[in-house]
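J.: model this:
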Amino acid sequence: MNTQNLTIPMFPLNMVLLVGETTKLHIFEERYKQLVNECYENNASFGIPFLDKGKVQVYGSEVKIKRILKKYSDGSMDILIEGLGAFKLLEYSKKLTPKLYGAGLIESLNNNQKITLNALQDALVNYFGNIQNKFVDYETIGHMNVFNVAASLQLTQLEKYNLIASKNPQFLLLNQIKFITHVINIEHTLRDSFINN
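T.: Next up is the predicted model:
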């Protein structure tokens, strides 16, 4: 796999955006107003290294600005961003003088990892069929990738971080799906027992 190392602007947040996921951000600090304006004008991406308990972590998400939703008179703004992929942070500078914001050297991760683990394929066919009432066959699962599936599971930010930081994301995803399926099955059993009483 050809990995390319890039230096990009950094905006540390307690957030992980997987490929294709979108979210809104309210930008009000001067340094991040500068970052957003420059990235938007140059159609450039920026990095969101995961921030946990105030500490910048090693992994994060590369994102692009889809659009600026609203600008306020004080220069603050609401923007819509989309995840492009996960990265490993090789170097990080809190401030990249003369800019107000920081930057980091990143190594892009394999964001297109196909689902090859048999147990995970079985769990997904079961999950989509029994939990989401969608017919998904093994061929379809074979075309999905780990991060597409994870994006559909409503994982917490920390769960998503652990997934991108994992040496074996398929195994981690398998455990997540087993857990979610187990919880939903318990809910169904409890609901059915209330109905029967």
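J.: Every contact and neighbour count from this point should use C-alpha atoms.
T.: OK.
J.: what ranges do the helices span in the chain?
T.: With DSSP state H applied, the chain shows helices at 30-42, 118-126, 138-143, 146-151, 157-165, 169-196, listed in chain order.
J.: Against which helices or strands is the second one packed?
T.: This means helix 118-126. Judged by 3 or more CA pairs under 8 Å, 6 or more residues apart in numbering; DSSP states H and E, the packing partners of helix 118-126 are helix 138-143, helix 169-196.
J.: Let me know which of the ones you listed is the nearest to L17.
T.: The minimum distance between L17 and the helices and strands packed on helix 118-126 falls on helix 169-196, with 15.5 Å, by CA to CA.
J.: Domain-wise, how is this structure divided?
T.: Split into domains by automatic domain parsing, the chain comes to 5-108, 118-196.
J.: Pull the distance from the shortest one to the chain's centre.
T.: This points to domain 118-196. Taking CA atoms, centre = their mean, to the nearest Å, the mean C-alpha location of domain 118-196 is offset from the chain mean by 16 Å.
J.: Worst mean pLDDT among the domains of the chain?
T.: Least confident of the domains of the chain, judged by mean pLDDT, is domain 118-196 with a mean of 88.
J.: on that earlier part again, looking at the helices and strands packed on helix 118-126, which is closest to G75?
T.: helix 169-196 (40.1 Å).
J.: buried set for the closest one?
T.: Using 16 or more other CA atoms under 10 Å as the test for burial, helix 169-196 gives P169, Q170, L172, L173, L174, Q176, I177, I180, T181.
J.: Not counting its neighbours along the chain, what's nearest S108?
T.: Sequence neighbours aside, F87 is the residue nearest to S108 in space, at 4.4 Å (criterion: CA to CA, 6 or more residues apart in numbering).
J.: quick one, what contacts the one you found?
T.: Counting by CA atoms under 8 Å, 6 or more residues apart in numbering, F87 touches Y59, G60, S61, E62, I106, E107, S108, L109.
J.: For the third one, list each beta-bridge partner.
T.: The reference is to S61. Per DSSP bridges, residues listed as beta-bridge partners of S61: I48, A86.
J.: hang on, it packs against G85?
T.: Yes - at 5.7 Å, S61 counts as touching G85 under the criterion of CA atoms under 8 Å.
J.: Endpoint to endpoint, stretch 111-124 covers what distance?
T.: Terminal residues of stretch 111-124 are spaced 19 Å apart (CA to CA, to the nearest Å).
J.: Number of residues surrounding the spatially closest residue to P49 that is not a sequence neighbour?
T.: Excluding the flanking residues, the one nearest P49 by CA to CA, 6+ apart is G60, at 4.0 Å. G60 has 32 neighbouring residues, counting by other CA atoms under 10 Å.
J.: ditto for T156
T.: Neighbourhood size, T156 [other CA under 10 Å]: 11.
J.: Please apply the same query to G83.
T.: By other CA under 10 Å, 22 other residues sit near G83.
J.: OK, contacts around it?
T.: Neighbours of G83 in contact, by CA under 8 Å, 6+ apart: L17, L18, V19, G20, E21, T22, S61, E62, V63, K64.
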